Every structure is written in C-alpha cells, then in structure tokens.
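Chemist: The following block contains a protein sequence and its predicted model.
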There are 4 protein chains.
Amino acid sequence: MTQVRVEGGEFAGWSYWEDEPYEAETVGPFFFRLEGETPVAAFRAERRHMNGAGVVHGGCLLSFADFSLFAIANHAMDGGYGLTVALTSEFLSGPKEGALVEARGEVLRAGGSLIFVRGIVTGDGVPCLNFSGTIKRLRNKS
Amino acid sequence: MTQVRVEGGEFAGWSYWEDEPYEAETVGPFFFRLEGETPVAAFRAERRHMNGAGVVHGGCLLSFADFSLFAIANHAMDGGYGLTVALTSEFLSGPKEGALVEARGEVLRAGGSLIFVRGIVTGDGVPCLNFSGTIKRLRNKS
Amino acid sequence: MTQVRVEGGEFAGWSYWEDEPYEAETVGPFFFRLEGETPVAAFRAERRHMNGAGVVHGGCLLSFADFSLFAIANHAMDGGYGLTVALTSEFLSGPKEGALVEARGEVLRAGGSLIFVRGIVTGDGVPCLNFSGTIKRLRNKS
Amino acid sequence: MTQVRVEGGEFAGWSYWEDEPYEAETVGPFFFRLEGETPVAAFRAERRHMNGAGVVHGGCLLSFADFSLFAIANHAMDGGYGLTVALTSEFLSGPKEGALVEARGEVLRAGGSLIFVRGIVTGDGVPCLNFSGTIKRLRNKS
C-alpha cells in the first residue's frame, strides 16, 4: 500500500496506492491529493464504470467511497493501516460518462481504535453519493 | 439489462445482466440463480478483486452487494426496473483469493415505490459482509 | 402535527409539533427554529435522557435525530407530510446531563418522492452523533 | 446496569437493566429474555410511544432497536460493558397502539473489540424495523 505520485496525464501530481489490484487496476485507479489542507479523491468516469442505464454504477461509486474514506482519513491515520468496518450510503444522482467524479469529506472523530468519516461524492460538481464510514485502526507493521 | 444464461464453466446455468459494463465486465461478471425458491448471487474471488492486504476489496464486496440487491429482489420487481437509493454495510471478514463468494437474503417489504432488502455475503461459507438496501421502482420502459 | 411556538423558558421563540405523544411529551419536547436560513433543532439534556453510564442514551440521540430530519427538511417539504424510511448513525461521544444538545444539517436532495438529509448532533458544541436519513413524501391531507 | 427480573404483569419473568433512566423509565421499560437459546426483546406499544399519525414513533423503534442490540449480544458480551458505535435502520411499517413490539436477531461476528448484530423489530408479528448495529466492547469495571 505504498503511495505513488502520478507523473503525467489528467491526474499528474495526484497520488494513489499501488499493490492494490482491485482499487488501482480493476476499477481504478482512483486518485487523491490535498487541495490546501483539504483531501480530495477523484477519477474520470469512463465507459467501463457505467451501468445499463448509462450512468456510473452504484457499486463503482461505493468502491470509490471506500477508497475515499482512506484518502480523507489519511492524515488522521498518520501512516498506520486500517480497515473499513462499516459504510453507509445514499444515492443522490448518477454521473454520466466523462464526468469528473470527486469526493470530499471530513474526519468526524479519530479515536484510539476507530475513525469516523463522512463525505459526499460529486459528478461534475453535482452531489451523487452521500456516505459515512468507520475505519478500524490496525497496528502498524514494523 | 437483458438477463443472459451462462452456457459453460463454473457458473453454467447461472444468469447475469448484460449491457452492464461495470457489473458484467469490469468487476464481474457476477452471477445469480434460484436454488429452489431462494435467490443466490455468486462469483469466484480472483486476484483482480483483491486489496493490498490480500483479501477481497471492500469496494468489490459492496459492488457485489449492490448487484445482489437486485438478484434478491428480482422476483418482487417482476421484470420492472429499479435503482438503489441506499445501501448500508458492515464488514465481517475478508475472503481470500479463490474463495467462492455468495450472497443470500430476503425482501423485507415490497411496497408500491420502495423495496427493502437485507442479505449477507459469505466467502466459502464464512459471513464477510452484512448489507441492507433500498430499491426505488422505476416505471417499466414500454 | 401542528407547529406550536414556545412562549417562555429557555426555548422561547422555538417551535415544536404538537399531537406527537412520543416526541413532544415522552422523550421531548424537542424544539426547532431557523437561525437565519439554517434550521436548528435542540433540547436540554436532563436526567431522564441519560443511560446507565451517565450520558445521553443512544436511543434518545436517535429519537432526536429522527425529529431533526423533519426540522431540517421542513422547508423542502413545504407543509407536506412525510415519513422516515431509513436512518443511519454513528455515535461519536455522549453528552452529559445539562448539555445543550443541538442538530444541524442539510437537505442533500429533495426529489419528487424522496428527500435525503444529513446532519450532526452536538452536545455543548461537541459532535456526538452523525446521521443520514431518507424521508418519503406523503400526499397532503386535504 | 444491573439486570432485574420482572415479578408480575404481562412481562413477568422477563428482565431489564435498571439504573437506566431513559431506557427503563422514560421510554421503557423495554424487556428481554431467552426463548430457548434465542434472545427476544419486547414492549407493549402505548399511547406515549405514538407519533402524530397514530403509530409507534420512529425514534421509539430506534430506541428499542438500540436496547435490542444489547439484548441480542448479551451472551457474546459475557457480562462485559459495551457501547453502540453505529446503528442503521430501515422502517418497514408502523405498529399501532396496543401492539406487542418484539425484536429478534443474531450476532454476526463477535470480535475482540467489536460485535456486529442485526435484527428485525416486529409489531404483532409484522416486520416494522430492520436494523444493524455495531457495539464496541469496553473493559469490565473491576
């Protein structure tokens, strides 16, 4: 789960976690960066992210939300590992192919064992998914 | 969103929905069938579904849960269309590469506009995701 | 569900809904008002709201969150009726006896049939409950 | 949070936790017992539990669900303390005054720090609330 910086293309300067087959290759890569002190996650909606109705599949938005939890909590986790224990979501709209999909949110509480995060995914700025998640901290590998 | 029956391989006799780029190609295909009167959804966990810790990525389980909502509600929807309005989930364990991932559940209430579903995803029979979802019925295209 | 304005006491000028035995009498009354254009809900934590550990009971916070959904969505509902179809929550801390418990939030989407709301409950300004809810509109009685 | 056994009345032989002002007095008491090895929680819906539409208030059902988490997890907690960290819910129907409201469910996973529970609340046998909750174990007081 090493953080890698993108060299070129639309997301030059953004980062992603490598050695993540699902997140960095199968559905992603999804990207994150700080805008000032605010963490932002993003990807560009492609044909492969679509459902049969021609908008981004709910499962893709949920995968991105799960990724975004860690992008948002990255600072609070301070290099430590964690895993998602719960994720809740409401679907507000469906981004179309070509849309810039972004997630922003905040850490609501960073306790010794649990971190609570909430956020909103947007497609070209329009809210499309509301989510809240709980991360359990794992002891750092040493 | 035409239902297609699989001809050969491990999931011969199971069905999936085609014209679903994300669900049937990018992360899937995911499959469903009736076992007696009980709907079951399934896929085989491959390397491309893994996270950096070597278990199925949470986003993949969520994508599968979203698919499973419709497999479980298929009968109640009677050929009609629907979309997920909310999905909640708790992560219980992480299936390893090679595991048979299945989902079973029930329709808790099928109202005129909303269908409530709950289910459990298992990996080789071990519970790995608890989920509940709400589907909004759409008018059938005619 | 007539809206009543409080005449005196700590919540003078705030409103509540009468003919609500549970909400206005048993656990409440809970109150709401607009601060500028921002809806706020509030109550004062009393001994009767406490759990065995000496903080506001989770069920009380959930009851207040359910009330707050409608306070927050009041404008979007424009005098119409509605019912909660789903509520999700994470507990962040426990307000003590005497704390001013408030809820603030926003309507994320007000569709023709469903209204999506998220909010945060605080105790003396400290976040104690994160919540999201979905309201289904009912046809107005006429 | 001492467990007390009811001597008489409709819930003779059931238990509740005392020193719980909100749960045992304000909205309750709510009761629990084992039916064989199956934990069941229950209360009788009274006028004071109603909303303005004449069915049990959503907040009351949520309070009862939060109580029921601990009734269901009681054995897994083995006398230890715990607190709710998350609760999700979908509302299926509204029990009327006089209904016997019950909750049944199961522990999905009892880990070293977190316990995952799901359950269904019924009113006179009709499903009215689907819920899932996460309990965090606290160290026993000694």
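Modeler: Yes, it's here.
Chemist: C-alpha from now on. contacts and neighbour counts both.
Modeler: OK.
Chemist: Can you show me the strands along chain A?
Modeler: Along chain A, counting by DSSP state E, strands occupy A:3-5, A:15-17, A:31-35, A:38-44, A:81-91, A:100-110, A:114-123, A:126-138.
Chemist: Could you dump the ones you listed into a markdown table with mean pLDDT added?
Modeler: Formatted as a markdown table, those follow (pLDDT from 0 to 100):
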| stretch | mean pLDDT |
| --- | --- |
| strand A:3-5 | 93 |
| strand A:15-17 | 95 |
| strand A:31-35 | 96 |
| strand A:38-44 | 97 |
| strand A:81-91 | 96 |
| strand A:100-110 | 98 |
| strand A:114-123 | 98 |
| strand A:126-138 | 97 |
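Chemist: To B:Cys128, which of these lies closest?
Modeler: For B:Cys128, the closest of the strands of chain A is strand A:81-91, at 10.6 Å, according to C-alpha to C-alpha.
Chemist: got the contact list for that closest one?
Modeler: Applying C-alpha atoms under 8 Å, 6 or more residues apart in numbering or on different chains, the contact partners of strand A:81-91 are A:58, A:62, A:66, A:128-140, B:58, B:84-92, C:88, C:116.
Chemist: circling back to that earlier point, including distance to D:Gly9 and mean neighbour count, could the strands of chain A go into TSV?
Modeler: Formatted as TSV, the strands of chain A follow (distance: least, C-alpha to C-alpha, whole Å; neighbours: other C-alpha atoms under 10 Å in any protein chain shown):
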stretch	distance to D:Gly9	mean neighbour count
strand A:3-5	63	14
strand A:15-17	61	21
strand A:31-35	60	18
strand A:38-44	58	20
strand A:81-91	40	23
strand A:100-110	44	21
strand A:114-123	43	24
strand A:126-138	42	23
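Chemist: Now render the ones you listed as CSV, adding distance to A:Asn74.
Modeler: CSV is the format used below for the strands of chain A (distance: least, C-alpha to C-alpha, whole Å):
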stretch, distance to A:Asn74
strand A:3-5, 11
strand A:15-17, 12
strand A:31-35, 10
strand A:38-44, 8
strand A:81-91, 10
strand A:100-110, 10
strand A:114-123, 11
strand A:126-138, 11
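Chemist: For the residue most central in space within chain A, give me its contacts.
Modeler: Chain A has A:Ser68 as the residue nearest its centroid, 2.1 Å off, counting by C-alpha atoms, centre = their mean. Applying C-alpha under 8 Å, 6+ apart to A:Ser68 gives the contacts A:32, A:40-41, A:103-104.
Chemist: redo that, cut-off 10 Å
Modeler: A:30-32, A:39-42, A:62, A:74, A:102-105, A:117-121, A:131, A:133 (C-alpha atoms under 10 Å, 6 or more residues apart in numbering or on different chains).
Chemist: Then A:His75?
Modeler: Going by C-alpha under 10 Å, 6+ apart, A:His75 touches A:37, A:39, A:107.
Chemist: Check A:Ser142 and give its pLDDT.
Modeler: As predicted, A:Ser142 sits at a pLDDT of 39.
Chemist: what's the distance between A:Leu138 and D:Val117?
Modeler: To D:Val117, A:Leu138 is 22 Å away according to C-alpha to C-alpha, to the nearest Å.
Chemist: Mind putting the contacts of A:His75 into TSV with distance to chain D?
Modeler: Output for these, formatted as TSV (distance: C-alpha to the nearest C-alpha, whole Å):
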residue	distance to chain D
A:Glu37	28
A:Pro39	24
A:Val107	15
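Chemist: near chain C too, which of the residues you listed?
Modeler: Among the contacts of A:His75, not one lies near chain C by C-alpha under 10 Å from any C-alpha of the partner chain.
Chemist: nearest to chain B, of those residues?
Modeler: A:Val107 (18.8 Å; C-alpha to the nearest C-alpha).
Chemist: pretty sure the closest one contacts C:Asn130?
Modeler: No: the criterion here is C-alpha atoms under 10 Å, and A:Val107 misses it with C:Asn130 at 11.1 Å.
Chemist: Quickly list what's touching both of these two.
Modeler: Joint contacts of A:Val107 and C:Asn130 (C-alpha under 10 Å, 6+ apart) are A:116-118, A:132.
Chemist: Pull up the residues of chain A that are close to chain C.
Modeler: Residues of chain A found near chain C (C-alpha under 10 Å from any C-alpha) are A:86-93, A:108-111, A:114-118, A:120, A:127-134.
Chemist: Let me see the contact set for A:Lys136.
Modeler: For A:Lys136, the contact set (C-alpha under 10 Å, 6+ apart) comprises A:81-86, A:110-116, D:113-114.
Chemist: How about it: what's its closest non-neighbour residue?
Modeler: In space, and not counting its chain neighbours, A:Lys136 is closest to A:Leu114: 4.7 Å by C-alpha to C-alpha, 6 or more residues apart in numbering or on different chains.
Chemist: There's contact between that neighbour and D:Ile135 in this structure, I believe.
Modeler: No: when contacts are counted by C-alpha under 10 Å, A:Leu114 is not listed as touching D:Ile135 (11.9 Å).
Chemist: residues from chain A in reach of chain D?
Modeler: With C-alpha under 10 Å from any C-alpha as the criterion, chain A meets chain D at residues A:85-86, A:88, A:113-114, A:116, A:133-134, A:136.
Chemist: Can you pick out the most distant pair from the residues you listed?
Modeler: Counting by C-alpha to C-alpha, the most remote pair of the residues of chain A next to chain D is A:Thr88 and A:Ser113, 19.3 Å apart.
Chemist: what's A:Gly105 in contact with, if anything?
Modeler: Taking C-alpha under 10 Å, 6+ apart, we find A:Gly105 in contact with A:38-41, A:68-69, A:71-73, A:117-121, A:130-132.
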